[in-house]
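*Asks:* Next input, structure requested:
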Amino acid sequence: MRKTLIALMFAAALPTVAMAMPGDAGPMGGPMDGSRHGGQMHGMHGKGPYSQLDLSREQREQIRKIMGEQMHERKQLVEKYLQKLSPADQKAMKDEMTAGHQKAQADVRALLKPDQQKKFDEIQQKQAERRAEWAQFQAWKAQQPQKAQ
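*Replies:* Residues are numbered from 1 along each chain as shown. Modelled structure (predicted):
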């Protein structure tokens with residue numbers, strides 16, 4: 001059951017996140033038009049699944065909004081089923097996801113040159129700071145209704 005939920009969560013989240021990215025930015029903020037690789041994307045076909053449709057800016061924004069809503073709904077669905085697991089299974093799943101994420105980050109970093117690793121580390125640090133700020137905000141927000149009573 002746990003492995004099925006993990007697979008469901010990854011299968012649901014990854015394509016949606018990829019499609020919700022801004023049209024010109026790659027995963028590390030660079031161009032996605034393949035210009036760094038002689039115009040080839042090494043397995044990717046253009047800028048995304050809708051790149052061949054010649055969409056207007058308004059259409060791209062609407063599609064991005066739809067995909068964002070779908071991602072949110074999928075996240076809620078995963079949370080719904082995650083809550084049905086025992087606390088031990090929930091913790092095990094989250095720990096397994098964290099370990100997988102950390103391994104992927106280490107694998108990516110190992111592929112980089114020293115100057116790229118330095119920039120990568122800076123990006124990771126900024127993201128960690130933003131996550132900490134977000135957690136602090138969420139904790140503050142959770143306390144607000146209690147103070148009003």
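*Asks:* my read: residue 50 touches residue 62, true?
*Replies:* No. Using Cβ atoms under 8 Å, residue 50 makes no contact with residue 62, being 11.0 Å away. Heads up, the C-betas are built off the backbone N, CA and C, glycines and all.
*Asks:* more crowded one of those two?
*Replies:* Neighbours were counted for residue 50 and for residue 62 using other Cβ atoms under 10 Å; residue 50 has more, 16 against 12.
*Asks:* quick one, phi/psi of the more buried one?
*Replies:* phi -100, psi 10 (degrees, to the nearest 10).
*Asks:* now do residue 127
*Replies:* phi -70, psi -40.
*Asks:* any idea how far it is from residue 95?
*Replies:* Per Cβ to Cβ, to the nearest Å, residue 127 is found 20 Å from residue 95.
*Asks:* do residue 69 as well
*Replies:* Distance from residue 69 to residue 95, by Cβ to Cβ: 29 Å.
*Asks:* ok, now residue 60?
*Replies:* 38 Å.
*Asks:* ok, the two, which is more surrounded?
*Replies:* Using other Cβ under 10 Å as the criterion, residue 60 and residue 95 rank with residue 60 on top: 16 against 10.
*Asks:* Can you spell out the domain ranges of the protein, please?
*Replies:* Using automatic domain parsing, the domains assigned to the chain come out as 1-95, 102-149.
*Asks:* Comparing these by mean pLDDT, which bottoms out?
*Replies:* In terms of mean pLDDT, the lowest-scoring of the domains of the chain is domain 1-95 (a mean of 69).
*Asks:* In terms of secondary structure, what does the helix or strand containing residue 120 contact?
*Replies:* In the assignment (DSSP states H and E), residue 120 maps to helix 114-148. Contacts defined by 3 or more Cβ pairs under 8 Å, 6 or more residues apart in numbering; DSSP states H and E place helix 114-148 against helix 87-111.
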